[in-house]
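In: I'd like to go over a predicted model; first the sequence, then the structure.
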Amino acid sequence: MADGAGASLKAFDADAHVRRMREDGYTIVEDYMDAGQLQAFRDGVAPYLGTHRGRNDFEGFVTERIYTLVARGKVFEDIACDARLMAIVGAFLRPNFLLSACHAINIMPGETAQNLHSDDGFYLWPRPRPPLGISVIGAIDAFTEENGGTVMVPGSHKWGPGELEALRQGKNKAERIPLEMPAGAIAVFPGTFVHGAGANRSKAPRLAYTYQYCEPWLRTQENLYLAIPRERVMRMAPELQSLLGYSITQPFLGMVTASHPAKTLDPAWTPAVVRQEAE
């Protein structure tokens with residue numbers, strides 16, 4: 001958990017943010033990251049920038065993405081499990097919800113607008129419905145309309161299949177708002193909310209990140225069990241270990257040969273099938 005997160009939670013009105021999400025579809029927390037965290041984020045991603053571009057129009061052919069971000073430094077761990085964010089996400093998802101995806105997004109000048117979409121649409125569950133995930137977009141550079149601030153569609157989290165199909169056909173004239181927020185802010189919204197990165201018409205890159213969470217009984221987008229070495233997970237905070245899946249969802253989802261998965265983080269742990277075969 002980020003330093004001071006407990007203290008900041010006392011003055012943080014999570015309920016107000018939850019109400020805005022339920023009504024409008026998204027909320028903005030303007031002071032989520034401080035200047036030190038912003039610099040640590042920049043320093044942490046700097047070695048990986050300039051080496052990769054998106055593989056398709058959705059990723060962005062002139063957009064850089066750094067996946068498995070949470071495993072690349074302490075600042076990325078802290079912003080994943082900050083108590084303020086956990087209070088918001090916990091209002092929508094069941095206990096022991098999971099971190100589903102985490103990556104930095106650097107949109108370069110000249111990038112075109114991304115197709116409008118919802119982040120939990122790959123879960124084939126009919127709409128309208130409650131969200132199966134909660135998404136976060138964080139600004140490392142300030143978001144403006146000119147530099148590709150995410151296009152938000154207020155109220156779209158309540159849409160059913162008819163409104164979505166009209167959107168695909170270009171017949172849905174719902175309001176579209178460019179997301180504008182200062183560096184250090186985050187936007188939080190349910191996975192049913194329709195949005196898409198805007199076109200970067202500025203002369204500078206726009207650095208951001210997304211963290212996405214899902215119900216604990218769903219498969220995550222990133223297979224973080226395989227992506228993050230166990231030795232690295234062992235050094236992480238218990239809150240983050242739980243987000244990565246080293247936890248139990250009632251009654252017993254996630255168990256490891258009838259044991260709690262957190263036991264696998266003991267340096268002396270050996271898989272039961274290996275231990276029993278040796279006996």
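Out: Everything's here; your move.

In: what stretches of this structure score poorly on pLDDT?
Out: Applying pLDDT under 70 to the chain picks out residues 1-8, 54, 56-58, 60, 276-277, 279.

In: give the contact list for the residue positioned nearest the centre of it.
Out: By C-alpha atoms, centre = their mean, the mean C-alpha position of the chain lies nearest to residue 211, the distance being 1.6 Å. By C-beta atoms under 8 Å, 6 or more residues apart in numbering, the contact set of residue 211 is 69, 70, 79, 80, 99, 101, 102, 135, 136, 138. Yep, even glycine has a C-beta here, placed from its N, CA and C like the rest.

In: looking at these, which are in strands?
Out: When DSSP state E is applied, the contacts of residue 211 are split such that 99, 101, 102, 135, 136, 138 fall in strands.

In: isn't the first one right next to residue 242, touching?
Out: No. The criterion here is C-beta atoms under 8 Å, and residue 99 misses it with residue 242 at 9.3 Å.

In: chain center to stretch 208-224, what's the gap?
Out: Its chain's C-alpha centre and that of stretch 208-224 lie 7 Å apart, by C-alpha atoms, centre = their mean, to the nearest Å.

In: quick one, strands of this structure?
Out: So, for the chain - with DSSP E - the strands run 27-29, 63-66, 98-107, 117-118, 133-139, 151-152, 177-178, 186-190, 194-196, 206-214.

In: of all the ones you listed, which one is nearest residue 50?
Out: strand 63-66 (7.5 Å; C-beta to C-beta).

In: tell me what the closest one is packed against?
Out: With contacts defined as 3 or more C-beta pairs under 8 Å, 6 or more residues apart in numbering; DSSP states H and E, strand 63-66 has these neighbours: strand 98-107.

In: by contact count, what packs against the strand it packs on?
Out: Short answer (3+ C-beta pairs under 8 Å, 6+ apart): strand 98-107 packs on strand 63-66, helix 74-80, strand 206-214, helix 238-243.

In: let me have the ones you listed in CSV, extended by distance to residue 160.
Out: Putting the helices and strands packed on strand 98-107 into CSV (distance: least, C-beta to C-beta, whole Å) gives the following:
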stretch, distance to residue 160
strand 63-66, 31
helix 74-80, 32
strand 206-214, 21
helix 238-243, 31
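
In: return the most buried member of the ones you listed.
Out: Among the helices and strands packed on strand 98-107, strand 206-214 has the highest mean neighbour count (mean count of other C-beta atoms under 10 Å), at a mean of 24.

In: partners of it, with directions?
Out: Strand pairing for strand 206-214, using DSSP bridges, gives strand 98-107 (antiparallel), strand 133-139 (antiparallel).

In: first vs last residue of stretch 93-100, how far apart are they?
Out: Start-to-end span of stretch 93-100 (C-alpha to C-alpha, to the nearest Å) is 13 Å.

In: contacts for it next, please.
Out: For stretch 93-100, contacts defined as C-beta under 8 Å, 6+ apart pick out 70, 80, 89-90, 131, 133-134, 211-218, 220-222, 224, 240, 242-245, 247-249.

In: before we move on, back to that, closest to residue 177 out of the helices and strands packed on strand 98-107?
Out: For these, the distance to residue 177 is smallest for strand 206-214, at 16.9 Å, taking C-beta to C-beta.

In: brilliant, that's me finished.
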